[in-house]
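In: Sequence plus predicted model, see below.
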There are 2 protein chains.
Amino acid sequence: MKWYIAALLTVLTSSQGILTTLSQSNGKYKYDYATVPFFAEVFKIMGNLKIVTTGILFRLFLKKKLSNLQWMAIILLAVGTTTSQVKGCGEASCDSLFSAPIQGYMLGILSACLSALAGVYTEFLMKQNNDSLYWQNVQLYTFGAIFNMARLVVDDFRAGFEKGPWWQRLFNVYSITTWMVVLTLGSTGLLVSWLMKYADNIVKVYSTSMAMLLTMVLAVFLFGFKPTLQLFLGIIICMMSLHMYFAPPSMFVGLPPTVISDPESLVIVSDDHKAES
Amino acid sequence: MKWYIAALLTVLTSSQGILTTLSQSNGKYKYDYATVPFFAEVFKIMGNLKIVTTGILFRLFLKKKLSNLQWMAIILLAVGTTTSQVKGCGEASCDSLFSAPIQGYMLGILSACLSALAGVYTEFLMKQNNDSLYWQNVQLYTFGAIFNMARLVVDDFRAGFEKGPWWQRLFNVYSITTWMVVLTLGSTGLLVSWLMKYADNIVKVYSTSMAMLLTMVLAVFLFGFKPTLQLFLGIIICMMSLHMYFAPPSMFVGLPPTVISDPESLVIVSDDHKAES
């Protein structure tokens, strides 16, 4: 029963979003996103495609078989998260999602594929050998650290070291919420690695989707957002999808209990699903 | 394979909506509905509850057993039709659905229960004996004819027969589209009776839901409505619900074919589902 790791990831990812919003409203830590609002909207909606592409690449490259019910659950999850993001009436931008140039959709699909590929490849790497999780993490994140450092050095050279080297002002405008963002990002990273090694990409996709919904619900209480009908519908759809994916198939079709091959098939670790299709 | 009756009902119900809109725009035949726009909106959304209450009363009074998957399909159908009706941004009235007085919701639930009860009772009556379908129709619709006639007579007495008796001006402002509305309403009535006798309430609920979606799609082409993301999502959800309800359970969980008890379980006549739960 390792479901609490997935639940923890859900809570952490959600708190990340809330902390980001908090620090944004403090005016100190600004997210460099959504500079092109319309395309950002199309991308946000098309980002849900990642759920489906993850399922497809998961099947193709990791050779995991999914039952028809599980495929339907994955599509439903994508539909559910999209539903919760449908723009309510009275919101600012009202452009139709279907009026973006065709390149926008192609890029959205490409982005969903690349993102899913990264996830599936990470899972492949983490499961490849029995090295310690933390050693694998060090190997994976070293590249990120190097590339980020390179960028900082280049920026310094471009500015002619006017403000001194980057390491002297790395933590300059950090507030407490910024530190909490760093803390949750770090913990999320560890949990994602854990999920990739001992569970699978689909579990991660469910965690992050649930986190999105949890964030929207918390935003209603914390930031006074108006609860929308589409959020409510999205939550129902995602819950049904969760149930369809992880509950043992005998639960749905009322088979005699002797057909159940594995009494522990509710455990979310991926290998338990192999027998189901 | 009596699926074409359900398909015909879908097309007829849909054309009914389109004809009504057409005759409304001709300014001759006005629907006496939606005089209180806000409550009409809450009622329209809560009308989808009828799908779920029909399932519950169907189970309670007609003693039909449904598998868990079929229950989930019924809830998904209600969620799907509701999703397609979510107000897009830019629409006129923007009141939150969650801000109606509590009586509104109670009445909505009561209305859903009564409507479902009427459907389930009709099914009970139609299946009670082996009388001809047309004789049963005559019995059922006679009451409607009597009550409507009574209303017309009362109206005449109230107006003091100023315009003469009602039967002299019954068809006064009928245009061709009005006649077509009458024709489709009549055919729909016959088909619904057929479904109630030889299929069941759930099949009817699916037919009318599909009709609603078909109408919305046709409205995009015929009346130039803007296609919305929520309509697209609603269609996907309802299609998955349809598949979950009517496809044989072995299709979902990848069981060996020997487990399939009835190769014809795709037939939509209700008795075929008894074995599934």
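Out: That came through fine. Numbers count the residues shown, from 1 in each chain, chains lettered A, B, ... in the order given.

In: need the contact list for residue A:52.
Out: Residue A:52 makes contact with A:74-75, A:78, A:112 under the criterion Cβ atoms under 8 Å, 6 or more residues apart in numbering or on different chains. Backbone N, C-alpha and C define where each C-beta goes, glycine included.

In: Which ones among the residues you listed also lie next to chain B?
Out: Applying Cβ under 8 Å from any Cβ of the partner chain to those, one finds that residue A:75 fall near chain B.

In: Name the nearest of the contacts of residue A:52 relative to chain B.
Out: residue A:75 (6.9 Å; Cβ to the nearest Cβ).

In: Quick check, the closest one in contact with residue B:236.
Out: Yes: in terms of Cβ atoms under 8 Å, residue A:75 counts as a neighbour of residue B:236; the distance is 7.3 Å.

In: Let me see the mean pLDDT of the one helix or strand residue A:79 maps to.
Out: Following DSSP states H and E, one finds residue A:79 within helix A:68-85. In this model, helix A:68-85 carries a mean pLDDT of 93.

In: name the helices or strands packed onto whichever helix or strand comes after that helix?
Out: Per DSSP H and E, helix A:68-85 leads on to helix A:102-128 as the next helix or strand towards the C-terminus. With contacts defined as 3 or more Cβ pairs under 8 Å, 6 or more residues apart in numbering or on different chains; DSSP states H and E, helix A:102-128 has these neighbours: helix A:37-46, helix A:49-61, helix A:133-158, helix A:176-198, helix A:201-222.

In: and the ones you listed, which one is worst for confidence?
Out: helix A:37-46 (a mean of 69).

In: one step back: just the contacts of residue A:52 now: which is nearest residue B:41?
Out: When these are compared for distance to residue B:41 (Cβ to Cβ), residue A:78 comes out closest, at 27.9 Å.

In: Could you give the number of residues near the nearest residue to that closest one once chain neighbours are set aside?
Out: When the adjacent residues along the chain are set aside, residue A:78 lies closest to residue A:51, with 4.2 Å between them (Cβ to Cβ, 6 or more residues apart in numbering or on different chains). Number of residues near residue A:51 (other Cβ atoms under 10 Å in any protein chain shown) recorded here: 26.

In: Contacts only, for residue A:51.
Out: Shown in contact with residue A:51 (Cβ under 8 Å, 6+ apart): A:74, A:77-78, A:81, A:205, A:209.

In: Determine which two of the residues you listed are furthest apart.
Out: A:74 and A:81 (11.3 Å).

In: Spit out the residues that contact residue A:75 and residue B:236 alike.
Out: With Cβ under 8 Å, 6+ apart, residue A:75 and residue B:236 have no common neighbours.

In: ok so, going back, would you list the contacts of residue A:51 in CSV and tack on neighbour count?
Out: CSV is the format used below for those (neighbours: other Cβ atoms under 10 Å in any protein chain shown):
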residue, neighbour count
A:74, 24
A:77, 26
A:78, 26
A:81, 25
A:205, 23
A:209, 24
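
In: Which single one of the residues you listed is nearest to residue A:147?
Out: Among these, and counting by Cβ to Cβ, the member closest to residue A:147 is residue A:205, at 25.6 Å.

In: The closest one contacts residue A:56, doesn't it?
Out: No: applying Cβ under 8 Å, one finds residue A:205 not in contact with residue A:56, separated by 12.0 Å.

In: Could you export the helices and strands packed on helix A:102-128 to a markdown table, including columns for distance to residue A:105?
Out: Shown next, in a markdown table, are these (distance: least, Cβ to Cβ, whole Å):
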| stretch | distance to residue A:105 |
| --- | --- |
| helix A:37-46 | 7 |
| helix A:49-61 | 10 |
| helix A:133-158 | 29 |
| helix A:176-198 | 28 |
| helix A:201-222 | 21 |
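
In: looking at those helices, which is closest to residue B:182?
Out: Among the helices and strands packed on helix A:102-128, helix A:37-46 comes nearest to residue B:182, with 43.0 Å by Cβ to Cβ.

In: Find the residue at the geometric middle of chain A.
Out: residue A:208 (3.8 Å; Cα atoms, centre = their mean).

In: Kindly provide the distance from that residue to chain B.
Out: 19 Å (Cβ to the nearest Cβ, to the nearest Å).

In: who's in contact with the closest residue to residue A:190 other than its chain neighbours?
Out: Spatial nearest neighbour of residue A:190, excluding adjacent residues (Cβ to Cβ, 6+ apart): residue A:137 at 6.9 Å. Going by Cβ under 8 Å, 6+ apart, residue A:137 touches A:189-190, A:193.

In: which of those residues count as buried?
Out: residue A:193 (16 or more other Cβ atoms under 10 Å in any protein chain shown).

In: Just the closest of the contacts of residue A:137 to chain B, please.
Out: residue A:193 (31.1 Å).

In: so who does the closest one touch?
Out: For residue A:193, the contact set (Cβ under 8 Å, 6+ apart) comprises A:126, A:133, A:136-137, A:140.

In: now, the most widely separated pair of those?
Out: Farthest apart among those by Cβ to Cβ are A:133 and A:140. That separation is 10.5 Å.

In: just to revisit the earlier point, in a markdown table, list the contacts of residue A:137 along with distance to residue A:41.
Out: Shown next, in a markdown table, are those (distance: Cβ to Cβ, whole Å):
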| residue | distance to residue A:41 |
| --- | --- |
| A:189 | 28 |
| A:190 | 32 |
| A:193 | 31 |
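
In: Now do residue A:88 against residue B:103, distance only.
Out: 25 Å (Cβ to Cβ, to the nearest Å).
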